[in-house]
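Asker: Whatever this is, show me its structure:
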Amino acid sequence: MVPNDAPLRLILDGAALVSNWRWLSNKAGAPAGAAVKADGYGLGAREVSRRLAEAGCRDFFVATWAEADALGALPFGAGLSVLHGVREEDMAAALASRARPVLNSPAMVARWKAAAPGRPCDVMVDTGINRLGLAMADAVSGLLDGLEIDLLMSHLACADEPGSAMNGRQRERFADAAARIPARRYSLANSAGACLGPDYGFDLVRPGIGLYGGIPRPEAAGHIAPVVRIEAQILQIRDVPAGETVGYGATFTAAAPTRIAVLNLGYADGYLRAFAGHGTVRAGGQVRPLAGRVSMDLIAADIGDAPVEEGGWLEVDYALEAAAAATGLSQYELLTGLGSRYQRAWTD
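Answerer: Down below sits the predicted model:
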């Protein structure tokens, strides 16, 4: 448990989270679930799930049974699916859980049929990503006979790449699978897939990054609101003479007398070294650059004449699309890498 007086905090906008979820559903013309794996993409799966369930979300997705257990019971009868299915080692946890496994291989299908006959499950079919999922030949071979499939799903490989012809090919393959495999519902699209519109919506979309403020495709710009802000406390303010350097490797040299704020944030907190030379902070209404490298626990910023003091707080710019473009990191990495030392403060 991070203390409320921790020198590092995430300010999380619950209203933006819910607004993003609704926009993605409307864009797809289908109900939206929510991917809350990786602890809600780093924001806290329980708090994310509670807010979305209160807004009407009824389908949630995690990667593993450990994540399902950590999430606990969901309100309003919401369902939970475990995307990585059931290994032999998972069976005890799966049978004790109300969550549904997503069966990805013939071995998983056989395992579930033997251990939980008649109990609902989900099934993933591969339509071209060649990652998890049953080959189409297996899926339509009779292998799935006798299963009670709640959700038949697949996953788009190139939905976030405008103009990719692969999206249409995968959609056609999935529509063919949906026509041949009985299930209660069908789902193909993630956040980027939802942006492709109702042709990709089927019965349910499964957004992740778009919920949390990521821009999965150009269509989402101006509609998806930021959810995450980083604030770090100033541990020290230094006056660095002209010609002196700052930080490891002496990569920053003060061209003139420079006022530096040292902040409690570093790559151990997911603010990675790629931000050196690119990162900025907000100080007294000014946008100010980092000075030198990102350390494990510290960064330094050139704060000029901004009216800030030791013990004060600065916002560290973390708009996901812009940060990804500046650093070469993906929006997914930027979110899921946020560490455990932040105080997470929700506003609604």
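Asker: Please tell me how far residue 240 sits from residue 301.
Answerer: 12 Å (C-beta to C-beta, to the nearest Å). (C-beta placed from N, C-alpha, C; glycine too.)
Asker: now do residue 163
Answerer: Counting by C-beta to C-beta, the gap from residue 163 to residue 301 is 39 Å.
Asker: who's more crowded, the two?
Answerer: Set residue 163 next to residue 301 and count neighbours by other C-beta atoms under 10 Å: residue 301 wins out with 28 against 6.
Asker: domain ranges for the protein?
Answerer: 14-215, 228-318 (automatic domain parsing).
Asker: Export these to CSV and append columns for mean pLDDT and distance to residue 333.
Answerer: Shown next, in CSV, are the domains of the chain (pLDDT from 0 to 100; distance: least, C-beta to C-beta, whole Å):
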stretch, mean pLDDT, distance to residue 333
domain 14-215, 97, 10
domain 228-318, 97, 8
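Asker: I'd like these as a markdown table, with distance to residue 221 appended.
Answerer: Shown next, in a markdown table, are the domains of the chain (distance: least, C-beta to C-beta, whole Å):
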| stretch | distance to residue 221 |
| --- | --- |
| domain 14-215 | 6 |
| domain 228-318 | 17 |
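Asker: Who are the contact partners of residue 191?
Answerer: With contact set as C-beta atoms under 8 Å, 6 or more residues apart in numbering, residue 191 has these partners: 24, 207-211, 214, 216, 220.
Asker: biggest separation within these, which pair?
Answerer: 208 and 220 (12.8 Å; C-beta to C-beta).
Asker: which parts of the strand ranked longest in the chain are buried?
Answerer: Ranked by residue count and defined by DSSP state E, the top strand of the chain is strand 228-240. For strand 228-240, the neighbour count (16 or more other C-beta atoms under 10 Å) marks 228-234, 240 as buried.
Asker: Distance check, the nearest residue to residue 170 once chain neighbours are set aside against residue 121.
Answerer: In space, not counting the residues next to it along the chain, residue 170 is nearest to residue 127; the distance is 4.3 Å by C-beta to C-beta, 6 or more residues apart in numbering. Noted for residue 127: a distance of 19 Å to residue 121, by C-beta to C-beta.
Asker: What of residue 77?
Answerer: Distance, residue 77 to residue 121, by C-beta to C-beta: 18 Å.
Asker: what's the residue closest to the geometric middle of the chain?
Answerer: Ranked by distance to the mean C-alpha position of the chain (C-alpha atoms, centre = their mean), the top residue is residue 41 at 3.4 Å.
Asker: what's the neighbour count on the closest residue to residue 337 other than its chain neighbours?
Answerer: Distances taken as C-beta to C-beta, 6+ apart place residue 270 nearest to residue 337, at 3.6 Å, with adjacent residues excluded. For residue 270, the count of nearby residues is 21 (other C-beta under 10 Å).
Asker: from now on call the first residue 16
Answerer: Got it, the first residue is 16 from now on, which makes the last one we talked about residue 285.
Asker: Report how many residues lie close to residue 55.
Answerer: Other residues lying near residue 55 total 29 when counted by other C-beta under 10 Å.
Asker: Kindly report the same for residue 157.
Answerer: Counted with other C-beta under 10 Å, the burial measure for residue 157 works out to 8 neighbours.
Asker: Residue 96 too?
Answerer: Using other C-beta under 10 Å, residue 96 is surrounded by 24 other residues.
Asker: That one belongs to a strand, doesn't it?
Answerer: Yes - membership of residue 96 in a strand is supported by DSSP: H, G, I helix; E, B strand; the rest coil.
Asker: Test of understanding: give the bridge partners of it.
Answerer: Assessed by DSSP bridges, residue 96 has beta-bridge partners residue 76, residue 115.
Asker: Residue 79 is in contact with that one, correct?
Answerer: No - under the criterion of C-beta atoms under 8 Å, residue 96 is not in contact with residue 79, lying 11.6 Å apart.
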